[in-house]
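A.B. asks: From the sequence below, what's the structure:
(4 chains, ligands or ions: 4)
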Protein chains: 2
Amino acid sequence: MTKDFECMQESYAKEVLREKGLKSTTQRLAVVHILHMSEKLLSIGEIHGGVKDMLGNTGLATIYRTLEMFEDLGIVKRLHFPDGGHGYAFSQGEHVHHMVCVDCRGVFDFSECPAENFDYASVEKQGFRVKDHFIQLFGQCGKCVEAA
Amino acid sequence: MTKDFECMQESYAKEVLREKGLKSTTQRLAVVHILHMSEKLLSIGEIHGGVKDMLGNTGLATIYRTLEMFEDLGIVKRLHFPDGGHGYAFSQGEHVHHMVCVDCRGVFDFSECPAENFDYASVEKQGFRVKDHFIQLFGQCGKCVEAA
DNA sequence: TATTAAATGAGAATAATTTTCAATTAATCC
DNA sequence: GGATTAATTGAAAATTATTCTCATTTAATA
Ligand SMILES: [Mn+2]
Ligand SMILES: [Mn+2]
Ligand SMILES: [Zn+2]
Ligand SMILES: [Zn+2]
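C.D. replies: Numbers count the residues shown, from 1 in each chain, chains lettered A, B, ... in the order given. Ligands and ions are numbered 1, 2, ... in the order given. The predicted structure is shown next:
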């Protein structure tokens, strides 16, 4: 019994995993599925819950291991909430940024980089070399604006 | 015995606290002191250690309480490391951003906003309202560039 | 289908954070 | 300076989050 359908995100993940000699386990693919289906950022617990719904019992450690690995592979992005918590979003490797709704944790990504034409040189004092940046926008999504 | 000297950060903190009807306790002022003396981001544990060096035994819960409160008051900023950890930096309420050295956790702040002239409208689809942004630059500080 | 290195699950072990409550203290008023 | 009082602290317990270990399972490969 082979699956006759496979979403883009799933095949992308499998490809990345194969390239690195890593296995495409059911658990890992379930994490991809849960994440790419979600409109909002998911916590570790929510992802674990989702995977358990799909597969039955699944070790929480596996979820931790998978998410850390996916983050290294650029498959997921870990975002930060003002309250200190974290949420995960699927992210296909490209350089994208995220808008996060602080009310419902909804997330939308966009590829335009807000720091696009910022002159890093102006800020690289004392020899500091900027290698990367992390940008996250906060606000309210359409629904939560109305509801407010 | 009154202190005959008080740094700007300390008086700033005391002012903010008074305005909100909060007490300027020795512990809170020690946290301000530790933070503004530091060239690098400090973890909760490091802050706790520093405060203990200054005051003798101090409850860890107080450090947590203080940092959370300071963050709400805009007195400190909590930054995120790629490895998942967090570091705190003193921050005087103004809108600043931080460059973080991933090697030594050194931090430099700058006021120019990388997203200065970004057109948020272009990204405010489906009624999303951007209220705030979080930007953090990663790289290596001068010393760590040389050492590498 | 057999082989095998990689991955998982269960639970123990750590680490991080929050809660509770009696004791202490900073601010205020005399 | 001393009394008053609400805010704050410390200590320990309670939660919650994360990592580790190791015996068992499984995906990939031939
Ligand atoms: Mn974080
Ligand atoms: Mn800015
Ligand atoms: Zn929302
Ligand atoms: Zn450095």
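
A.B. asks: State the three-state secondary structure for the residue sitting nearest the centre point of chain A.
C.D. replies: Ranked by distance to the mean C-alpha position of chain A (Cα atoms, centre = their mean), the top residue is A:Ala89 at 2.3 Å. In terms of secondary structure, A:Ala89 is strand; the call rests on DSSP: H, G, I helix; E, B strand; the rest coil.

A.B. asks: Quick one: residues contacting it.
C.D. replies: Residues touching A:Ala89, when contacts are defined by Cβ atoms under 8 Å, 6 or more residues apart in numbering or on different chains, comprise A:Leu35, A:Ser38, A:Leu41, A:Leu42, A:Val76, A:Lys77, A:Leu79, A:His98, A:Val107, A:Asp109. Backbone N, C-alpha and C define where each C-beta goes, glycine included.

A.B. asks: Out of the residues you listed, list just those in helices.
C.D. replies: Cross-referencing the contacts of A:Ala89 with the helices (criterion: DSSP state H) gives A:Leu35 as the overlap.

A.B. asks: can you tell me which two in the contacts of A:Ala89 are farthest apart?
C.D. replies: Of all pairs drawn from those, the one with the longest distance (Cβ to Cβ) is A:Leu42 and A:Asp109, at 14.4 Å.

A.B. asks: neighbours around A:His86, how many?
C.D. replies: 15 (other Cβ atoms under 10 Å in any protein chain shown).

A.B. asks: Against B:His80, how distant is it?
C.D. replies: Counting by Cβ to Cβ, to the nearest Å, the gap between A:His86 and B:His80 amounts to 9 Å.

A.B. asks: shared neighbours of the two, anything?
C.D. replies: With contacts taken as Cβ under 8 Å, 6+ apart, A:His86 and B:His80 have A:His80 as neighbours in common.

A.B. asks: Give me the more crowded residue out of A:Leu42 and A:Asp109.
C.D. replies: Summary of the neighbour comparison: A:Leu42 and A:Asp109, criterion other Cβ under 10 Å, with A:Leu42 having more neighbours (25 against 16).

A.B. asks: Does the more buried one touch A:His86 like I think?
C.D. replies: No - between A:Leu42 and A:His86 there is no contact under Cβ atoms under 8 Å: 9.8 Å.

A.B. asks: hmm, who's touching the lowest-mean-pLDDT helix or strand in chain A?
C.D. replies: Among the secondary structure pieces of chain A, namely its helices and strands, strand A:107-110 has the lowest mean (mean pLDDT, DSSP states H and E), a mean of 90. Applying Cβ under 8 Å, 6+ apart, the contact partners of strand A:107-110 are A:39-41, A:79, A:87, A:89, A:91, A:96-101, A:141, B:123, B:125-126, B:128.
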